Structure formats: structure tokens, C-alpha cells
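Novice: Here is a sequence together with a model predicted from it:
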Amino acid sequence: MQAINALLQRRSAKILTDPGPDEGALELILESAVRAPDHGRLRPWRFIVIQGSGRNAFGTHLAEHLRRSNPSATQDALQRESQKASRAPLIIVVAAICNPTVKIPVIEQVLSAGAAAQNIMLAAFALGFNAMWKTGGAAYDDTVKKALGLEPKDAIVGFLYIGTDTSERTSLSRTSSRDWVQYWR
């Protein structure tokens with residue numbers, strides 16, 4: 001797929017199923033991620049790959065976060081939260097390992113991780129898969145971060161769910177970029 005086609009045709013998926021990327025496709029997707037812009041060559045990104053039975057364990061962490069943040073959550077709500085980890089055959093958690101002691105502002109380190117996440121989504125699409133980018137309260141929770149091997153100072157920029165898109169392809173609304181552009185002076 002031509003890069004411009006991936007940029008112009010990509011859309012977030014609604015329903016993702018097996019198959020997910022195999023080992024070779026996953027390697028290409030992750031290699032694409034590390035090509036993201038990176039001011040100061042800090043390489044602040046971390047990619048935590050969750051697949052197979054790891055999704056069940058991750059789902060438990062999502063449900064536990066909901067229990068901590070909403071003690072009145074029903075058992076049904078906790079079950080639904082746990083099942084979010086099964087939205088796709090593969091989850092890549094994209095995080096920024098934030099270093100406030102360097103001259104590059106933390107916001108730029110987080111933006112670099114965001115650019116890496118976008119590269120992941122575009123690479124998955126170019127390889128015939130699709131993705132959805134989710135966050136929610138768990139992305140900001142120190143206990144979830146710790147379970148994923150991160151520190152409280154680090155930023156989870158997204159839980160990227162990747163698989164085969166089985167949702168009905170609808171045409172994207174063709175809004176013009178002109179709606180969001182202004183020329184200065």
C-alpha cells in the first residue's frame with residue numbers, strides 16, 4: 001500500500017477479530033513505531049505487547065482499576081471492563097518513559113510516543129489489519145502502570161487494539177482540511 005493511501009484511507013476500527021499480526025508483521029509494525037520523530041534522540045517510547053492469555057491478566061487489571069476508582073461498580077460492569085482486553089487479538093500499550101531531567105520538555109517526549117502510536121496504527125493498516133486507540137482511566141492509573149512495568153512518572157499514551165477489521169466499511173466523511181487550517185499573515 002502506498003503511504004499516502006494509508007494516510008487518506010485509515011479509519012479506526014469498530015470490531016477486531018483474529019487473525020492478528022503474526023510475528024513478522026508485528027516486527028514490521030514495531031520497527032515502524034521506532035521511526036517516530038524523537039527530539040533529542042531520547043527514544044522515550046516503550047511498547048508492551050499483550051496477546052494470548054496475557055489479555056486475560058490485563059483484563060483483570062482493567063477491572064481492578066474500575067473497582068478502585070468506582071467502589072459501587074456492579075459485578076456486571078466489572079465483567080464488561082475485564083472483557084475490554086478481548087477487543088482484539090493483540091494489544092500494544094504505548095508509553096512514554098518521561099525524563100524530566102533532560103533539556104527536552106516532557107510534553108515532547110509524550111508527543112513522540114504519540115507519533116509512535118500513530119505509526120503503529122498506520123503500519124497495521126498498511127499490512128491489512130486495523131486498530132483502535134483507547135485510553136480511559138486505566139491509562140492514568142499508577143497501579144496499572146506498575147503492573148505493566150512502568151513508573152508513575154511515565155505516560156501511557158494509548159492501548160492500541162490490533163486485529164482483522166470485520167466491521168462494515170463505511171465511507172469516511174470527506175471533510176476538507178480547510179475546515180481546520182488557517183494561514184497566519
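Specialist: Arrived safely, thanks for sending. Numbers count the residues shown, from 1 in each chain.
Novice: does the residue nearest in space to the middle of the chain count as helix, strand or coil?
Specialist: In the chain, the residue lying closest to the centroid (CA atoms, centre = their mean) is residue 160, at 2.8 Å. Here residue 160 is strand, with the state taken from DSSP: H, G, I helix; E, B strand; the rest coil.
Novice: if we look at the sheet, which residues does the closest residue to it other than its chain neighbours bridge to?
Specialist: Nearest residue to residue 160, sequence neighbours excluded (CB to CB, 6 or more residues apart in numbering): residue 92, at 4.6 Å. Where C-beta positions appear, they are placed from N, C-alpha and C, glycine not excepted. When assigned by DSSP bridges, residue 92 has beta-bridge partners residue 49, residue 160.
Novice: rewinding a little: wait, what's in contact with the residue nearest to the centre of the chain?
Specialist: With CB atoms under 8 Å, 6 or more residues apart in numbering as the criterion, the residues that contact residue 160 are 91, 92, 93, 94, 117, 120, 121, 131, 132, 133, 134.
Novice: Just checking the distance from the least confident helix or strand in the chain by mean pLDDT to the centre of its chain.
Specialist: With mean pLDDT, DSSP states H and E as the measure, the helix or strand of the chain carrying the lowest mean pLDDT is helix 3-9 (a mean of 86). Once both centres are worked out by CA atoms, centre = their mean, to the nearest Å, helix 3-9 turns out to sit 19 Å from its chain's centre.
Novice: tell me, how many neighbours does residue 69 end up with?
Specialist: Residue crowding around residue 69 was assessed by other CB atoms under 10 Å; the count is 12.
Novice: Please apply the same query to residue 24.
Specialist: Quick note: residue 24 (other CB under 10 Å) scores 9 neighbours.
Novice: ok, now how distant is it from residue 151?
Specialist: Plainly put, residue 24 is 32 Å away from residue 151 if you go by CB to CB, to the nearest Å.
Novice: separation between the residue nearest to the centre of the chain and residue 20?
Specialist: For residue 160, the distance to residue 20 equals 12 Å [CB to CB].
Novice: is it true that residue 98 touches residue 155?
Specialist: Yes. Judged on CB atoms under 8 Å, residue 98 makes contact with residue 155 at a distance of 5.8 Å.
Novice: Against which helices or strands is the lengthiest helix in the chain packed?
Specialist: Of all the elements of type helix in the chain, the one with the most residues (DSSP state H) is helix 106-126. With contacts defined as 3 or more CB pairs under 8 Å, 6 or more residues apart in numbering; DSSP states H and E, helix 106-126 has these neighbours: helix 3-9, helix 23-33, strand 45-51, strand 90-96, strand 130-134, strand 155-165.
Novice: in the second one, what's buried?
Specialist: Neighbour counts using 16 or more other CB atoms under 10 Å place 25, 26, 29, 30, 32, 33 of helix 23-33 among the buried residues.
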